[in-house]
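Participant: pasting the sequence and the predicted model now:
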Amino acid sequence: MTTAITGSPQGADEAIPVLTRKDFVSDQEVRWCPGCGDYAILAQMQKMLPELRIPHENIVFISGIGCSSRFPYYVETYGFHSIHGRALTLATGLKTSRPELAVFVITGDGDGLSIGGNHLLHAMRRNIDITVVLFNNQIYGLTKGQYSPTSEMGKITKSSPYGTVEEPLHPLRIALAAGATFVARSIDRDTKHLEETLYRAATHRGTSFVEVYQNCVIFNDGAFDSFADKEVRQERMVYLEHGQPVRFGRSREHGIRMNGYVPEVVRNAPGDGGLLVHDARDPNPVLAGILVEMRYPDFPVPIGVFRDVEAPTYNDLVEEQVANARAKEAADFEGLLRSGETWEVL
Amino acid sequence: MTTESAVEPEQTVEKLDRVTIRFAGDSGDGMQLTGTQFTRTSAVFGNDIATLPDFPAEIRAPTGSLPGVSGFQLSFASSDILTPGDQPDALVAMNPAALKTNIGDLRPGGLVIVDEDEFTDSNLKKAAYISNPLEDGTLSKWQVARINITRQNELALEGLPLPAKQKFQSRNFYALGLVLWLYGRSMDTTVKWATDRFRRNPDVLDANLRAMRAGYHFGETTEIFHHRYEVPAAEVQPGTYRHISGNEATALGCLAASIRSGLPLVYSSYPITPASDVLHELSKFKAFGVKTIQAEDEIAAMGMTVGVAYGGQLALTGTSGPGLALKSEALNLAVMTELPLVVINVQRAGPSTGMPTKTEQSDLLQALFGRNGDSPVAVLAPATPSDCFIMAMEAFRLALKYMVPVILLSDGYLGNGSEPWRIPAIEDLPSIDHHYAKPVDDSRKFNPYERDPATLARPWAVPGQKGLMHRIGGIEKSGQTGDIAYDAGNHHRMTLARLGKVERMVQDVPPVEVTGPPEGDLLVLGWGSTYGAITSGCERARKAGKRVASAHLRYLNPLPANLGEVLRNYGKVLIPEMNTGQLSLIVRGKYLVDAVPFNKIAGQPFKIAEIEGKIDELLGLTGPFEFQFGPASVLGGG
């Protein structure tokens, strides 16, 4: 009889070979539309993965359904292209059973916020140690151009020829509300920022949630141009840095300050005095919540890490319970079968 | 032979082979406890036992109301018994509502014990009695023992520092004491149990024991009862026994599978009646490395289970009918990705929410076919509460060997019902093997669909294994490379391969056994929890000289290899089911046998007499059989 129960088929403590971006490129032909923002995200992910220094075979990508969810085929790791909206549930099962694995979930605005919205809330409240990257293109691409839960009010699409009559969801607002411990936003066209954000998300312990503004070149082209276009980006986006005053502009000449609980733009702020200082580590999510509500054209659009706090992870707590139970109680199966009232028949 | 001896009776003693008692009262009256204690006592005495607890759907329906009635039926015998009995021989009714909902089931001439104090105008009104049934001749068919249980209990507890309400709650112990006396049973088992159970609450312990003794001594001193009854111990296989319910047995069977396979067990589930007890049980087994996840919904529980299977551990989820409907898409993902996992479905009655606390077998076709596309899974069904232990292990053994999801179809009757169980020795349990994929030199050459020629199982390559990185998913894959493939021939072959795995499983399925003559006029074929009623009904028919056999299916997909041959050995085939004929449809379709469906969709198990009645109809001994559905009884009423 086997008494020792261990989950991992192989140990992972051998010296980790140095890997490069190429090691994470699979043999599959990438089939996204030419010019799709997904290419940039894939490239930055493949560039970032070797930096993690995790045994190659311990990395798993899980996706749902949608354009973004093709992602696992293109990364040379373990991969699971699951069903619509449920990637997080597979990831939760996998990470709970095999906490030594590094689990990434790739999802989109439809997959993650519409059909799979419930799972997103619960993964984040559990703080299971996985990295969730949500590609937000504010449209349904794979089903060819219907509006998504992040499409703006009035959006004209194939399924809304007269314009939508529903308000969009704001992914980061949801993440903060569900208690996510790492909340960030990046954008496909700023590759350096994207790679850095992915790295920070992957190294955070707990649920990391990254919204990536991703351009759908076919069905929603230019959705982020009004603030993310190269010409205007400096003026209309603000890069959040922990511990630094919130400043933007070509020479960081503008800033944000608080007026009561309402943020306001200070144009040509001479010094940092009175400007809002970003604190991603504040256990209180109120400040992050204020930043999340800043939208163009009233405000520059913030990107970067909004929140990055420490909290016990679901998988660690599960392991701890098992370890404590094992320390206190014997795993005596025969005893268990005989627990309660028994009687002998001779 | 036994650890507990019968008490020497003073009244005349009538020896019986089998007795069925039902305890009924308000859901706050503690009838489940009374029934359980009587069951334990009889088991320790050496009787064979079968029980059926039944409680209202409402957690607390209004006190004294008809929907608030809770019941517990047990049958104990000096021979092997397989059902909790058709008609009670004795009924304990703690209030008018309990009397009203249960009296119709009591056999004519049977004994009804009532708490006369509870037959007040207001309680009679709540039970919709226009006049007092104790006075108006309603009960003339039965022997009625009118006892002032409430008042006597109060007197027995006089002086104890407990509020009146709490004293009232000891009435069930009074009733228990009385019934223990009536059947010549000692109070020792309950004294022992209560002393432990109420050790932190000496006043309550004292109250309950005083109440029980008062009831017992009342029996001894009163002249209400002319007889006492004695059911001698049964001849049972030597060994150590305990009680086990189907849900407990399922949980223990899954743990046994974990121990025998060496794989940690992870159970993901969303609470649902009547399956939640499996979650409660498994969540206690942390010291065995069992992890339980209470998922945010049924779909999540299924998805998590797929994730666990993908990770190479023992993956389990459990639910009841509506939950299985929600799980179907994610379960189909496991079919497509060919991952080993087990789904427990403790079936309940009706479509939609239906009747959550009532039993039925109406998810067979859902289990077999309730997914999009051609989606074969293995389906197993335990026959008795303790059989859940064996079949849970079987489910994992087959899932791991063939890389196929397995649905285990239990039901409310098995899940909540309990029976004595001879505790197995661990070394006697089947071994459960699993194989992870063998690493290859280069991940890029690994084909996740390279099948084992004997089982067609694909290799189980799990994250963390070097050299086996690959991508799987819900999209059809090439059997040659594992890449996405839409070509016609491939889909054809992959669909047949997925089916072929379940078909080949038949080599691991034992032949169906026939009880009774190997050929004859009639075979009664069943599956799942109808085992007891069918087997007993056929036994009685044979005792009456009829050429009737029974066979019971524990493997529904694939069906045992010899089933076709067995079916053809009998003039007629009768298939009793608690649904509208789901197995009948399969058997008729697959074997071209003119099987006769016999369907009861009442939320209640078959009675032995119903099986006998239908047998007589098919043998041409009587006219068409008709169900006699009784009044709104909690337990047996049909």
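Facilitator: Structure's in. What do you need?

Participant: now do the helices in the stretch 51-200 of chain B.
Facilitator: B:96-102, B:121-126, B:149-156, B:164-168, B:171-182, B:188-197 (DSSP state H, counting those that start in this stretch).

Participant: and stretch A:90-98, average pLDDT?
Facilitator: The predicted model gives stretch A:90-98 an average pLDDT of 98.

Participant: residues making contact with that stretch?
Facilitator: A:7-8, A:60, A:62, A:80, A:82, A:101, A:103, A:105, A:119, A:123, A:126, A:128-130, A:314-315, A:318, B:264, B:266, B:268, B:291, B:293, B:300, B:303-308, B:310-313, B:315, B:463-464 (C-beta atoms under 8 Å, 6 or more residues apart in numbering or on different chains). (Glycine included, C-beta is placed from N, CA and C.)

Participant: contacts only, for A:Asp332.
Facilitator: Counting by C-beta under 8 Å, 6+ apart, A:Asp332 has no contacts.

Participant: dihedrals phi and psi, it?
Facilitator: Here is the backbone geometry of A:Asp332 (degrees, to the nearest 10): phi -100, psi 100.

Participant: same question for B:Asp616.
Facilitator: The phi/psi pair for B:Asp616 (degrees, to the nearest 10) is phi -60, psi -40.

Participant: can I assume it is in contact with B:Thr622?
Facilitator: Yes: between B:Asp616 and B:Thr622 a contact is recorded at 4.4 Å, counting by C-beta atoms under 8 Å.

Participant: looking at those two, which is more packed in?
Facilitator: Between B:Asp616 and B:Thr622, counted using other C-beta atoms under 10 Å in any protein chain shown, B:Asp616 has the larger neighbour count: 17 against 12.

Participant: out of the contacts of stretch A:90-98, list just those in helices.
Facilitator: The members of these that map onto helices under DSSP state H are A:119, A:123, A:126, A:314-315, A:318, B:300, B:303-308, B:310.

Participant: any bit of the helix or strand bottoming out on mean pLDDT in chain B sitting next to chain A?
Facilitator: Scoring the helices and strands of chain B by mean pLDDT, DSSP states H and E places strand B:48-54 at the bottom, with a mean of 81. No: for strand B:48-54 and chain A, the contact criterion (C-beta under 8 Å from any C-beta of the partner chain) is not met; the two come no nearer than 10.6 Å.

Participant: I'd like the helices of the stretch 51-200 of chain B as JSON lines, with mean pLDDT and mean neighbour count appended.
Facilitator: Shown next, in JSON lines, are those (pLDDT from 0 to 100; neighbours: other C-beta atoms under 10 Å in any protein chain shown):
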{"stretch": "helix B:96-102", "mean pLDDT": "95", "mean neighbour count": "27"}
{"stretch": "helix B:121-126", "mean pLDDT": "96", "mean neighbour count": "15"}
{"stretch": "helix B:149-156", "mean pLDDT": "96", "mean neighbour count": "19"}
{"stretch": "helix B:164-168", "mean pLDDT": "94", "mean neighbour count": "13"}
{"stretch": "helix B:171-182", "mean pLDDT": "96", "mean neighbour count": "26"}
{"stretch": "helix B:188-197", "mean pLDDT": "92", "mean neighbour count": "16"}
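
Participant: now the closest residue to B:Asp374 other than its chain neighbours, what's its secondary structure?
Facilitator: Nearest residue to B:Asp374 in three dimensions, chain neighbours excluded: B:Thr495, at 5.2 Å (C-beta to C-beta, 6 or more residues apart in numbering or on different chains). Under DSSP: H, G, I helix; E, B strand; the rest coil, B:Thr495 falls in the helix class.

Participant: for B:Thr495, give its distance to B:Gly479.
Facilitator: Distance from B:Thr495 to B:Gly479, counting by C-beta to C-beta, to the nearest Å: 11 Å.

Participant: higher neighbour count, the two?
Facilitator: More crowded of B:Thr495 and B:Gly479, by other C-beta under 10 Å: B:Gly479, with 19 against 15.

Participant: what's the neighbour count on the closest residue in space to that one that isn't next to it in sequence?
Facilitator: The spatial neighbour of B:Gly479 that comes closest, neighbours along the chain excluded (C-beta to C-beta, 6+ apart), is B:Tyr449 at 4.7 Å. Burial of B:Tyr449 is recorded as 20 neighbouring residues (other C-beta under 10 Å).

Participant: next: B:Ser431.
Facilitator: 11.

Participant: quick check: it touching B:Ala257?
Facilitator: No: using C-beta under 8 Å, B:Ser431 is not in contact with B:Ala257; the gap is 10.5 Å.

Participant: now the longest helix along chain B, how far from the chain's geometric center?
Facilitator: Counting residues, the longest helix found in chain B (DSSP H) is helix B:202-221. Chain-centre distance of helix B:202-221: 33 Å, with C-alpha atoms, centre = their mean, to the nearest Å.
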